[in-house]
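Chemist: coordinates only, sequence not included:
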């Protein structure tokens, strides 16, 4: 572990929340409102960290009246989830979002439409996260900014009793929080694609959960991409509903306007060569207000001297990984507990399979999930913490790869390992158009990189722990994608192009020394016999 | 990536150092913030939004450095544009947050896409005009 001449900082609290994005902030409000003393530690700054702060989240917003509206919304989502979603969870997050989001009105000025109705659904990211920070602080929560958590701490019975990390702006001084319960809300990962706001989301919460003994679910569902102007991070896709695409020879390409079909067609076109785009179909009244609807979208074009409504600019696709994909730590019960006592998960850190199924939840479901899982986890963690002993002297550190090597410590090239993760997780032919041979090749590369890092890396720096998390997450994703020998939702196998009813099951994964995949026996349509035959 | 801070404008308030989620900046010895880890910049533009002095220029380029001078970026009119269009601070009255119109925009987009598919009349386009 990194040494420091400064004295370690030690804090004791009821609930520790790791991550201060949307899910972590909502978890903090709910735990505090339930009477808990709360510490929230963010790797960067709670208010700008994470993918919500840079975006414009819409929430799944279905008021309780008329009563059939929710039934219809849920039925549509259950069908879209292709057998892996759960209606009960969908009703739960619709209702939680509807009850909770308006409580932010003291800190966020929700839009009001021409008929005087308040629009709660669609909020702007920077203002939303700034409001959540104010809300969290007003409830007496202690925020530790620039304080990445490096590892969890366990009590003698294996339950989680705290975490340890670095104070980056205090010379890397160590801090330890002893807590009655811990909520991981550290986000998902795009495997370091240039997806807007995802640069520090390296899957740290997945690695820490696995080190504690928790399992992942849905890690094969990472094949989501979002369009952006080439060389930019601006993965805000609304404007592209009004796009026309062209090949390098100037001919118009016949691509779908929206959705997963666009991703697949655009990826195939990009495999052939550069693709150019014009937003020439955008109606004038929307053009005129784009800068007050989504102010970061036009600024890219303005700075490059491009008129996006007339000129043709090059576009690319950035991988969304588990951020707009599905996978994460398996949620064990309606409290967002994990299978490890004292440990809860929320937002992208948790598997969204129960509400999204085998497809991306898109902004609406994903935001409702982040909010609701945060609120549920916060409330339950506060309840658990009330009856829990807190004694920091008997906590056992759980961090392994990058902190406590399996063999002789020596220098490891973490930057090369991160490039390796990108090279296996981003190319279309490896993630969007999967094959047995391709997945096997990726697995070999990732296993080697993992072995090198787990065997020798010892510095315990943030960079090396982030690299370990990226590698672990990539290994689970590739292993699960290899096992799911069918195509379902956003998991596409070129060698198994059809959906197979034997695979209408959720797949769990985990393991550090050895990655494993197994069927989730609680998924409703499980047919293990067929599954075994297929795998 | 963040390319420069215009020294003449910077008031040394420390906000950019504090809000950067990737810890790119340090407070320099001479007071002004210093770009010490530009390679960690995730091109999220958050520092610009929180800079009330409109002193920061983030180039949209996330995978290559861009050489710009303070004179160029001041002349470009880009400084402070994001904060202004976001209606932050002194701009609150003149640039309202219209994110909530996204619902209407998506309805328009969906209608446009289905018209495209049918090549039919522009059904429903009028009822979804943005409110004035």
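Modeler: Thanks, I have it. None of these values were measured; they are calculated from a predicted model.

Chemist: And for residue A:171, the neighbour number?
Modeler: 11 (other Cβ atoms under 10 Å in any protein chain shown). All C-beta atoms are positioned from the backbone trio N, CA, C, and that covers glycine.

Chemist: Over to residue A:256?
Modeler: The burial count for residue A:256: 15, using other Cβ under 10 Å.

Chemist: measure it to residue A:35 for me?
Modeler: 51 Å (Cβ to Cβ, to the nearest Å).

Chemist: same check, this time on residue B:31
Modeler: Separation of residue B:31 from residue A:35 (Cβ to Cβ): 43 Å.

Chemist: again with residue A:456
Modeler: With Cβ to Cβ as the criterion, residue A:456 and residue A:35 are 46 Å apart.

Chemist: So residue A:139 sits against residue A:29, correct?
Modeler: Yes: using Cβ atoms under 8 Å, residue A:139 makes contact with residue A:29 at a distance of 5.9 Å.

Chemist: Neighbour count: those two, which is higher?
Modeler: residue A:29 (24 against 14).

Chemist: which SS class is residue A:10?
Modeler: strand (DSSP: H, G, I helix; E, B strand; the rest coil).

Chemist: what is it paired to in the beta sheet?
Modeler: residue A:176 (DSSP bridges).

Chemist: Tell me where chain B has helices.
Modeler: Counting by DSSP state H, chain B has helices at residues B:15-19, B:46-49, B:70-76, B:81-85, B:102-118.

Chemist: export these to a markdown table and tack on mean neighbour count, mean pLDDT and distance to chain A?
Modeler: Listed next are the helices of chain B as a markdown table, based on neighbours: other Cβ atoms under 10 Å in any protein chain shown; pLDDT from 0 to 100; distance: least, Cβ to the nearest Cβ, whole Å:
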| stretch | mean neighbour count | mean pLDDT | distance to chain A |
| --- | --- | --- | --- |
| helix B:15-19 | 20 | 98 | 5 |
| helix B:46-49 | 26 | 98 | 4 |
| helix B:70-76 | 14 | 97 | 7 |
| helix B:81-85 | 21 | 98 | 4 |
| helix B:102-118 | 17 | 81 | 3 |
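
Chemist: what's the closest of the ones you listed to residue A:302?
Modeler: helix B:81-85 (6.8 Å; Cβ to Cβ).

Chemist: tell me the contacts of residue A:70?
Modeler: A:62, A:64, A:91, A:94-95 (Cβ atoms under 8 Å, 6 or more residues apart in numbering or on different chains).

Chemist: element containing it, please.
Modeler: helix A:68-80 (DSSP states H and E).

Chemist: ok so, going back, which members of the contacts of residue A:70 occur in helices, if any?
Modeler: Counted as lying in helices by DSSP H, out of the contacts of residue A:70, are A:91, A:94-95.

Chemist: Let me know the closest of the contacts of residue A:70 to chain B.
Modeler: residue A:62 (13.1 Å; Cβ to the nearest Cβ).

Chemist: ok, that closest one touching residue A:75?
Modeler: No: between residue A:62 and residue A:75 there is no contact, the gap being 11.9 Å when judged by Cβ under 8 Å.

Chemist: who has more neighbours, the two?
Modeler: residue A:62 (21 against 13).

Chemist: show me what contacts that one?
Modeler: A:69-70, A:73, A:94, A:98.

Chemist: Show the low-confidence segments of chain A, by residue range.
Modeler: Counting by pLDDT under 70, chain A shows low-confidence ranges at A:1-6, A:363, A:391-393, A:524-535.

Chemist: ok now do the spatially most central residue of it, which residues does it touch?
Modeler: The centre of chain A sits closest to residue A:188, judged by Cα atoms, centre = their mean, with a distance of 2.6 Å. The neighbourhood of residue A:188, defined by Cβ under 8 Å, 6+ apart, consists of A:201, A:203, A:321-323, A:325, A:327-328, A:347-349.

Chemist: And the chain, what are its domain boundaries?
Modeler: Since no chain was named, I'll use chain A. If you go by automatic domain parsing, the domain ranges for chain A are A:9-222+A:322-397, A:225-319, A:414-534.

Chemist: To clarify, I was referring to chain B.
Modeler: If you go by automatic domain parsing, chain B breaks into B:2-91, B:99-126.

Chemist: how much space between residue B:43 and chain A?
Modeler: To chain A, residue B:43 is 4 Å away according to Cβ to the nearest Cβ, to the nearest Å.

Chemist: Quick one: neighbours of that residue, just the number.
Modeler: With other Cβ under 10 Å as criterion, residue B:43 counts 24.

Chemist: ok, it touching residue A:231?
Modeler: No: contact criterion Cβ under 8 Å: residue B:43 and residue A:231 do not qualify, at 9.7 Å.

Chemist: Give the residues shared as contacts by those two.
Modeler: B:60-62.

Chemist: residues touching residue A:402, list them.
Modeler: For residue A:402, counting by Cβ under 8 Å, 6+ apart, the contacting residues are A:453, A:457-461, A:464-465, A:467-468.

Chemist: low pLDDT regions in chain B?
Modeler: In chain B (pLDDT under 70), the answer is B:116-128, B:132.

Chemist: Give me the most central residue, it.
Modeler: Closest-to-mean residue, chain B, Cα atoms, centre = their mean: residue B:82 / 3.8 Å.

Chemist: Let me see the contact set for residue 37.
Modeler: Since you didn't name a chain, this refers to chain A. A:13-15.

Chemist: that's the wrong chain, I meant chain B
Modeler: Contact analysis of residue B:37 by Cβ under 8 Å, 6+ apart lists B:22-25.

Chemist: Taking those, please make a PyMOL selection of just the buried ones.
Modeler: In PyMOL, a selection of the buried entries from the contacts of residue B:37 looks like this (16 or more other Cβ atoms under 10 Å in any protein chain shown):
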select buried, chain B and resi 22+23+24+25
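
Chemist: Which ones among the contacts of residue B:37 map onto strands?
Modeler: The members of those that map onto strands under DSSP state E are residue B:25.

Chemist: Who wins on neighbours among the contacts of residue A:37?
Modeler: residue A:15 (31 neighbours).

Chemist: doesn't it fall inside a strand?
Modeler: Yes: Residue A:15 forms part of a strand when assessed by three-state DSSP.

Chemist: and residue 33, how many neighbours?
Modeler: Went with chain A since none was named. Residue A:33 has 15 nearby residues by other Cβ under 10 Å.

Chemist: wrong chain, I was asking about chain B
Modeler: Residue B:33 has 24 nearby residues by other Cβ under 10 Å.

Chemist: got the contact list for it?
Modeler: Residue B:33 neighbours (Cβ under 8 Å, 6+ apart): B:5, B:10, B:12, B:14, B:16-17, B:25-27.

Chemist: Turn those into CSV, including distance to residue A:340.
Modeler: Output for these, formatted as CSV (distance: Cβ to Cβ, whole Å):
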residue, distance to residue A:340
B:5, 45
B:10, 47
B:12, 46
B:14, 39
B:16, 38
B:17, 36
B:25, 37
B:26, 38
B:27, 40
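
Chemist: Going by distance to residue B:95, which of those residues wins?
Modeler: Nearest to residue B:95 among these, with distances taken as Cβ to Cβ, is residue B:16, at 21.5 Å.

Chemist: residues in contact with the closest residue to the closest one other than its chain neighbours?
Modeler: For residue B:16, ignoring the flanking residues on the chain, the nearest one in space by Cβ to Cβ, 6 or more residues apart in numbering or on different chains is residue B:47 at 4.2 Å. Applying Cβ under 8 Å, 6+ apart to residue B:47 gives the contacts B:2, B:15-16, B:19-20, B:24-25, B:56, B:58.

Chemist: Could you check how far residue B:47 is from residue A:452?
Modeler: With Cβ to Cβ as the criterion, residue B:47 and residue A:452 are 35 Å apart.

Chemist: And residue A:477, by the same measure?
Modeler: For residue A:477 relative to residue A:452 (Cβ to Cβ), the value is 19 Å.
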